[in-house]
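**Student:** Got a sequence here, can you model it:
(one chain, ligands or ions: 1)
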Amino acid sequence: MSEYNGRNAENRQSGDRGGASRGAGNRSGGPRGPQRGPKVSPARLAAYDVMRDVTDREAYANLALPARIREAGIDHRDTALVTELVAGSLRMRGRYDRIIEIASGRDTEHIDARTLNVLRLGVHQLLGMRTASHAAVNESVELQRLVASPNGAGFVNGVLRAIGRTTPEEWDERIAETAKSKDDALAAQTSHPTWVLRALRASLKAEGRDAELVELLEADNVAPRVNLALLPGFDEELIEDVESGSFEAITFEGPSPIGFMMHGGDPARAIEAAQVHEGALRVQDQGSQLAALALTRARPVQAGERWLDLCSGPGGKSALLGAEARLAGATVRANEVAPHRAELVRNAVEAVASTVNVVSFDGREEGAYDGQQYDRILVDAPCSGLGALRRRPEARWRKTPGDLPDLTQLQGELLDAAVAHLAVGGVLAYVTCSPHLAETRVSVERLLGRHADLKELDAREVVTSIARGPIDLAGDQLSVQLWPHRHGTDAMFIALFTKTEESAS
Ligand SMILES: C[S@@+](CC[C@H](N)C(=O)[O-])C[C@H]1O[C@@H](n2cnc3c(N)ncnc32)[C@H](O)[C@@H]1O
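**Tutor:** This next block holds a predicted model:
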């Protein structure tokens, strides 16, 4: 038996509400001919198309899904089904592939790519959505005939029937029995690459909380709630309205003092219903909210302060910095290297446009700084994104440990350039959406080693003082590591520094 207790995400996925058969689309690469009879629902066919685009063509599910749903004319009811099929099958791909291997006796590398995606979708219906076994198997067999090879229909039928006869808990045991190691078992059971599991454990261990690993891995497998931020200084009466129950879909809760949580429904509609200043209520993870507020509230702001958001695209934190600056009489320069992302920043800061100047430079170059020193600098650095695995179902399968050296080098170079433009007594925030130690504490220790004039500030104290209620921050470092399972946020890392007078010369 492995340490995993079978309390896995499969049991918590939403149920299949079934898909009506209303004439299939026709984009898949297989031998798809005309369908004779109502065999494969348009929802399942659309899900297959997106799976193929993501697994074989490097598409991003969050972009490919809405595009395919529109193209196939999928209605509102079936949109949820397609989304669940795709997101669940992609997120749980590591687990499902292992189960397929055990059930079929065949390595997934030796299964035709189209058939493998048909199987993944089938397994998700059987184990993740608890679709009636005959329906899941029959639809998968028909999907196989339509998009892959009719010759493989018997294989799909046999493998899925075998999988459906075994409960998710029994699959956990079979995975453990056949795994190469305990880590291999837990990684397959919870659908994480083993190197990611080890990196997450190392980071939790550094806080003395490695016992939380399974909880974290499970949290990664549940799509996050949509969170909203209300920009300070705008429509604050909304808080009272929400607290008095005027809005069913939103509650004023979570660790951020300006954060709201959505309980289902369409965020765009909820924002419209709130009738606030345009752009003042925005979708934003509460960890990101805390990271931006940690910089602005680390110490009182003096009117006239100059702030820099060095890596600002798509602009969520810039909007928040802009709102805080507007209230305190400071100004913000928001820099983003990619011009199309700088455009997104311009849109994001519309509500505070008079306070935020958006520019597009490489943050390691002088142009990003306009020859100025800054009182506060946010380096929300490009990173592996291992802290946001809940959001992008395919992301964990696209990262490799080989991505880290280039990223950590870039993070170091951006930080060095930022330090050179930090005013004496100014505050620098280093933020990543990754808990990987190479991108967090190792980066911090190296930075402090390179800059004798830099002193780390107590970010824990700052975040504790701004959080809405008590916040469980573990370990004995000055920096803050947030976690999905503990805080309901992305796994954001926040470190704060100041430049000291003595050694600044
Ligand atoms: C983690 S994201 C920032 C998220 C943003 N702060 C927000 O809250 O919306 C990192 C950003 O850094 C940008 N970036 C990457 N390399 C950069 C560089 N050399 N200089 C400036 N920005 C860079 C990326 O394009 C990306 O938009």
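
**Student:** Please count neighbours and contacts with C-alpha atoms only from this point.
**Tutor:** OK.

**Student:** buried set for stretch 51-71?
**Tutor:** Buried residues in stretch 51-71, counted by 16 or more other Cα atoms under 10 Å: 51-55, 59-62, 65-66, 68-69.

**Student:** which of those are close to the ligand?
**Tutor:** Applying Cα under 6 Å from any ligand atom to the buried residues of stretch 51-71, one finds that nothing falls near the ligand.

**Student:** with the residues you listed in mind, which one is nearest to Ala319?
**Tutor:** Distances from Ala319 to those, taken as Cα to Cα, are shortest for Asn62 (22.9 Å).

**Student:** Does anything pack onto the host helix or strand of the closest one? Which helices or strands?
**Tutor:** Using DSSP states H and E, Asn62 falls within helix 61-71. Helix 61-71 makes packing contacts with helix 42-57, helix 76-91 when contacts are defined by 3 or more Cα pairs under 8 Å, 6 or more residues apart in numbering; DSSP states H and E.

**Student:** what residues does this structure put near the ligand?
**Tutor:** Residues of the chain lying near the ligand (Cα under 6 Å from any ligand atom): 310-317, 336-338, 362-364, 380-382.

**Student:** re earlier: could you dump the buried residues of stretch 51-71 to a markdown table with distance to Leu404 and pLDDT?
**Tutor:** Conversion of those to a markdown table gives the following (distance: Cα to Cα, whole Å; pLDDT from 0 to 100):
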| residue | distance to Leu404 | pLDDT |
| --- | --- | --- |
| Met51 | 27 | 97 |
| Arg52 | 27 | 97 |
| Asp53 | 26 | 97 |
| Val54 | 23 | 97 |
| Thr55 | 22 | 96 |
| Ala59 | 22 | 96 |
| Tyr60 | 21 | 95 |
| Ala61 | 23 | 95 |
| Asn62 | 24 | 92 |
| Leu65 | 29 | 96 |
| Pro66 | 31 | 94 |
| Arg68 | 33 | 96 |
| Ile69 | 35 | 96 |
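
**Student:** Which two of the residues you listed have the greatest separation?
**Tutor:** Top of the distance list for the buried residues of stretch 51-71 (Cα to Cα): Thr55 and Ile69, 17.6 Å.

**Student:** what does the lengthiest strand in the chain rub up against?
**Tutor:** If you go by DSSP state E, the chain has its longest strand at strand 422-432. Strand 422-432 is contacted from outside by 291, 294-295, 298, 373-383, 385, 415, 418-419, 439-440, 492-501, 504, using Cα atoms under 8 Å, 6 or more residues apart in numbering.

**Student:** cutoff 6 Å now
**Tutor:** Strand 422-432 is touched from outside by 295, 373-381, 492-501, with contacts defined as Cα atoms under 6 Å, 6 or more residues apart in numbering.

**Student:** Check the offset of it from the chain's centre.
**Tutor:** 25 Å (Cα atoms, centre = their mean, to the nearest Å).

**Student:** list the buried ones in it?
**Tutor:** Leu422, Ala423, Val424, Gly425, Gly426, Val427, Leu428, Ala429, Tyr430, Val431, Thr432.

**Student:** Any chance of TSV for these, columns pLDDT and distance to Ile258?
**Tutor:** What follows is the buried residues of strand 422-432, written out as TSV (pLDDT from 0 to 100; distance: Cα to Cα, whole Å):
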residue	pLDDT	distance to Ile258
Leu422	98	28
Ala423	98	29
Val424	98	30
Gly425	97	27
Gly426	98	25
Val427	98	22
Leu428	98	22
Ala429	99	19
Tyr430	99	21
Val431	98	19
Thr432	98	21
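
**Student:** any idea which of these is closest to Ala113?
**Tutor:** Once Cα to Cα is applied, the member of these that ends up nearest Ala113 is Thr432, at 34.6 Å.

**Student:** Give me the contacts around stretch 362-372.
**Tutor:** Contacts for stretch 362-372 (Cα under 6 Å, 6+ apart): Leu310, Val337, Phe361, Leu414, Ala417.

**Student:** Quote the end-to-end distance of stretch 143-151.
**Tutor:** From its first residue to its last, stretch 143-151 covers 12 Å (Cα to Cα, to the nearest Å).

**Student:** so where's this protein uncertain?
**Tutor:** 1-38, 502-505 (pLDDT under 70).

**Student:** picking up where we left off before, now the angle from the helix holding Asn62 to helix 42-57?
**Tutor:** 140 degrees (axes from the mean of the first three to the mean of the last three Cα atoms, to 10 degrees).

**Student:** hey, C-alpha coordinates of helix 61-71 in PDB?
**Tutor:** This file holds the C-alpha atoms of helix 61-71, laid out as PDB (Å, rounded to 0.1, in the frame of the first residue of the first chain):
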ATOM      1  CA  ALA A  61      -7.000  23.900 -23.100                       C
ATOM      2  CA  ASN A  62      -8.200  27.300 -21.800                       C
ATOM      3  CA  LEU A  63      -8.000  28.700 -25.400                       C
ATOM      4  CA  ALA A  64      -8.900  25.600 -27.400                       C
ATOM      5  CA  LEU A  65     -12.000  24.700 -25.300                       C
ATOM      6  CA  PRO A  66     -14.000  27.900 -25.800                       C
ATOM      7  CA  ALA A  67     -13.000  28.100 -29.500                       C
ATOM      8  CA  ARG A  68     -14.200  24.500 -30.200                       C
ATOM      9  CA  ILE A  69     -17.300  24.900 -28.100                       C
ATOM     10  CA  ARG A  70     -18.300  27.900 -30.200                       C
ATOM     11  CA  GLU A  71     -17.400  26.200 -33.400                       C
END
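
**Student:** coming back round to it: if you look at the residues of the chain next to the ligand, which of them are in helices?
**Tutor:** Among the residues of the chain next to the ligand, the ones falling in helices (DSSP state H) are Gly316, Lys317.

**Student:** that older thread, how about the buried residues of stretch 51-71 in a markdown table, adding distance to Leu45?
**Tutor:** Shown next, in a markdown table, are the buried residues of stretch 51-71 (distance: Cα to Cα, whole Å):
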| residue | distance to Leu45 |
| --- | --- |
| Met51 | 10 |
| Arg52 | 11 |
| Asp53 | 12 |
| Val54 | 14 |
| Thr55 | 15 |
| Ala59 | 17 |
| Tyr60 | 18 |
| Ala61 | 15 |
| Asn62 | 17 |
| Leu65 | 12 |
| Pro66 | 14 |
| Arg68 | 10 |
| Ile69 | 10 |
